[in-house]
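# 3D, please:
(one chain, ligands or ions: 1)
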Amino acid sequence: MLAILTCVTQNHDEKILFLAAVVCAIGIYASSAIAAHAGRSEGLTRRQWAAASIVASGCTAWATHVIALLAFLPGMAAGFEPVLTALSLILVISGIGAGVWLSLGERRRTRRFAAGAILGLGIAVLHYVGQASYRVTGQVAWDMLLVSSSILVGLVLSGTALVAAGERSRTWRRCAVPLLLSSITVLHLGGMTAMTLIYDPRIPLPDTAIAPATIAPIIAAVSLGLLMLAFVGLRMTLNAKAQLRRDRERLRELASLALEGLAVCEEGTITTANHSLEQLSGMTQAELIGCSISRLLPSLVLADLPEQEERDTKLLDAGGQSVPVRVLCKDITLGHKRQTVFAFRDQRERLKSEARLRALAFTDAVTGLANRARFGDLLQHHAAVAREREEGCIAVLMLDLDRFKFVNDTFGHGMGDELLRKVAGRLTAAVTEADVVARLGGDEFAVLLYGVADGERPQQVAARIVEAVDRAFLLDGQLVHVGVSVGIAITPGGGTGPEELLRNADLALYKAKAEGRGAFRMFEPAMAERMQARNRMETDLRRALAAGEFELHFQPLVDVQSGEVTAAEALVRWRHPEQGLISPADFIPLAEETGLIVPLGEWVLRTACTQAASWPQEIKVAVNLSPVQVRDDRLPETVAAILREIGLEPGRLELEITEGVLLDGEERTLAMLTRLRAIGVGLAMDDFGTGYSSLSYLRRFPFSKIKIDRSFVCLLPDDAESAAIVRAIITMGAGLGMATTVEGVENAEQYAFVAAEHCGQVQGYHVSRPLPGPAFLGFLSGMEAAA
Ligand SMILES: Nc1nc2c(ncn2[C@@H]2O[C@@H]3COP(=O)(O)O[C@H]4[C@@H](O)[C@H](n5cnc6c(=O)[nH]c(N)nc65)O[C@@H]4COP(=O)(O)O[C@H]3[C@H]2O)c(=O)[nH]1
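Coordinates of the predicted model:
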């Protein structure tokens, strides 16, 4: 170290040495400014400026070295061997070129270090080939230890310089030039100190040696070139900075208009942020600028963020709160610099409205209970869990309100909704918080219980529900009674999959309703079998209708006063190819459920009217109408058309309607019956006394006849209560101007009783059983002959 210091201070002309340093500094500035410009350029221009930068670097190193040699004071004549001097220039340009080329785009430090070492090697070769070209009148001796140590240190320094140049950190990058300068200095001064010149007049300077005075102008020209290049570089740098300022300003103006938060980053550090980002992050502009983007987006690996692809993540705001954001990043060139723009879209409102929508999609709007979709999801989930864990069962309770339609039609839909809300409240109160209550639609509710051990808890819950809904509801100041029927299916016997459970709970519900409503039933496998049999029958029924397997029997109605047959009731029969004659009680309910009653009823009506047309004029025909038919708006037109088609007088047709029809909604039924009456047909209230009959019904509805149900007749004449009822109805009918028919008269005593009570007509086995058409005609002839 001392030797180097002595060499610098004693063996060098300090002014020229200073000049070498100045040329070196100018050259390095020119090379790096041009290299930076190359980095900002594209394509061929980029390559050309990169080559110029390499040549400038080589020339800088070479000129510095030669000027430093000129500063050296050997104390004897000295000169430069031209070939080696030129070769040293070529070698240093090649070395620097190779080093730079290898380091371009290289992120691995070891590779960059190797590239830097190659670059350093070029400079070392420059020095030692250059020094070899330095000739004096004497001998040159070398301190090889110093040579090799200066090369080693020089290579390490130049390798480290290129490692630093490629680092992300600005501080490290700033160290690159001083490190490279140190490498050059060490190589030069080390080489100079290692060289010992021994004056020997016997060794003259070679003839070809160029005198220092001759090489000085060449060096001056090269230095001037470097100086010019430095100016060009300076100009380009200033332009680039101005461009960057303009671009940033323009971007800031644009960004201030954006509703989304925007941040422009340079190597992960925010350089520009807009007002929206300030609001989103709760940070001021001053806090944002210079802040690392990772501080805002801690959960995002920025290197993995593809360009132009939105990512949902969390933004950490000033208060440490996570704000859900959607981030989009894009690399842009700003004033020739690669920068990254991050756009932040606040997701809070979107997520809130999505959550609201999700809640709406899974909630029943009327009751606020879970809806069908939500119930289906929960059932699927819990059924899967129950299957996997094999512990605990789940139970599905299907509920159907018994008289909801009546309430809805009578009090209106607003009250119907109110009732549903009240029912929902009672259902929720009847279960625990862990259980799920849902409204599946209309008056259909469902309950899901999980973790049940056996049928005991589901049955207890069902009993509580039946009891709760059975209590009267106060609606618009009126007490309203509705009941509920419940069907229960429990895993695994009642099914394991969600659909199976629902289907089986439905079957149990069907059974509960069929057995009288206001009750609950557990699913039993026999129910499924019965349902299958029912399904088979339905298919059979459709086929029978097409195949003409139905026939009509007629039961005479006798006028008590005259003893003559005045009418006959048409009663349908199904002559099944295998099962023989099937009673209507066995298939009419199914035909009603499936809607098949409409075509079947039309067939009955047409057939009954056709047959009646061939009977004596004074005999009427009575046809039963199902409530389903009465609900059909086209019924009056159908009846009128059939009568017209057959040519039967409307007065000869009597339509029998059960009281149940009146429950369908008074106004609608009244309108329908009025339209039927307008055709001229008679209307009989069938099975009177069994349903919800009231005197007001009889007064309001245009019935021409009451048929007293046979349940009141079977105990006559001995049962005083039955006798009183029958007597009362006959009296009431007479009072209202309606004819009365007593059904189910099976013996002479009953006949005598009703005759004594002045009933109009009698129907029953005592007169005749229902007879096929020809037999009925035979019966009529028989009656005529007897008379
Ligand atoms: N025990 C007893 N029974 C007697 C006596 N006299 C008549 N019956 C039976 O009582 C039922 C009278 O018909 P309904 O009350 O209208 O009751 C009918 C009616 O509601 C329905 N029905 C029959 N045919 C039709 C039809 O064409 N359309 C519709 N919608 N319903 C029908 O099926 C029900 C049953 O019909 P059926 O089995 O034919 O049974 C008939 C008849 O056979 C008697 O003295 N003692």
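# Contacts for whichever strand or helix holds Leu181, please.
Assigned by DSSP states H and E, Leu181 belongs to helix 170-194. Residues from elsewhere that reach helix 170-194, judged by C-beta atoms under 8 Å, 6 or more residues apart in numbering: 3-4, 6-8, 11, 24, 28, 32, 61, 64-65, 68, 72, 120, 123-124, 127-128, 131, 142-144, 146-147, 149-151, 153-155, 157-158, 160-162, 164-165, 167. In short, each C-beta sits where N, CA and C put it, glycine included.
# Buried among those? Make that a PyMOL selection.
Selecting only the buried entries of those in PyMOL, with 16 or more other C-beta atoms under 10 Å as the criterion:
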select buried, resi 4+7+8+11+24+28+32+61+64+65+68+72+120+123+124+127+128+131+143+146+147+150+151+153+154+155+157+158+160+161+162+164+165+167
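# if we look at the ligand, which of the contacts of helix 170-194 are close to it?
Near the ligand, judged by C-beta under 6 Å from any ligand atom, there are no entries from the contacts of helix 170-194.
# hmm, back to that, now do the buried residues in the helix holding Leu181.
So, applying 16+ other C-beta under 10 Å, buried residues of helix 170-194: 175-177, 179-194.
# quick one: Pro492 from Ile394, how far?
10 Å (C-beta to C-beta, to the nearest Å).
# Neighbour count: those two, which is higher?
Ile394 (25 against 13; other C-beta atoms under 10 Å).
# What strand or helix carries that one?
Ile394 belongs to strand 393-401, assigned by DSSP H and E.
# Mind listing the strands that strand pairs with, and their directions?
strand 444-452 (antiparallel), strand 484-490 (antiparallel) (DSSP bridges).
# Please work out the angle formed by the directions of the helix or strand just after that strand and strand 484-490.
Where DSSP H and E defines the elements, the next helix or strand beyond strand 393-401 is helix 404-411. On the basis of axes from the mean of the first three to the mean of the last three C-alpha atoms, to 10 degrees, helix 404-411 is oriented at 150 degrees to strand 484-490.
# can you list contacts of helix 404-411?
Contacts of helix 404-411 with the rest of the structure, by C-beta under 8 Å, 6+ apart, involve 415-416, 419-420, 442-443, 475-476, 478, 480, 482, 663-666, 668.
# let's see 7 Å
Met415, Gly416, Leu419, Asp443, Leu475, Asp476, Val480, Val482, Leu663, Gly665 (C-beta atoms under 7 Å, 6 or more residues apart in numbering).
# Let me know the helix or strand that the closest residue to Glu645 other than its chain neighbours is in.
Nearest residue to Glu645, sequence neighbours excluded (C-beta to C-beta, 6 or more residues apart in numbering): Arg606, at 7.8 Å. Assigned by DSSP H and E, Arg606 falls within helix 597-612.
# Determine the set of other helices and strands touching that helix.
Using 3 or more C-beta pairs under 7 Å, 6 or more residues apart in numbering; DSSP states H and E, the elements in contact with helix 597-612 are strand 550-559, strand 565-576, helix 584-594, strand 620-625, helix 627-630, helix 635-646.
# give me the residue from the stretch 301-450 of the chain nearest the ligand.
Lys405 (20.0 Å; C-beta to the nearest ligand atom).
# Helices of the stretch 351-500 of the chain, residue ranges please.
Secondary structure of the stretch 351-500 of the chain (DSSP state H, counting those that start in this stretch): helices at 372-389, 404-411, 413-430, 456-470, 498-514.
# Can you give me the buried ones in the third one?
When you say that, I think you mean helix 413-430. Met415, Gly416, Glu418, Leu419, Leu420, Lys422, Val423, Ala424, Arg426, Leu427, Thr428, Ala430.
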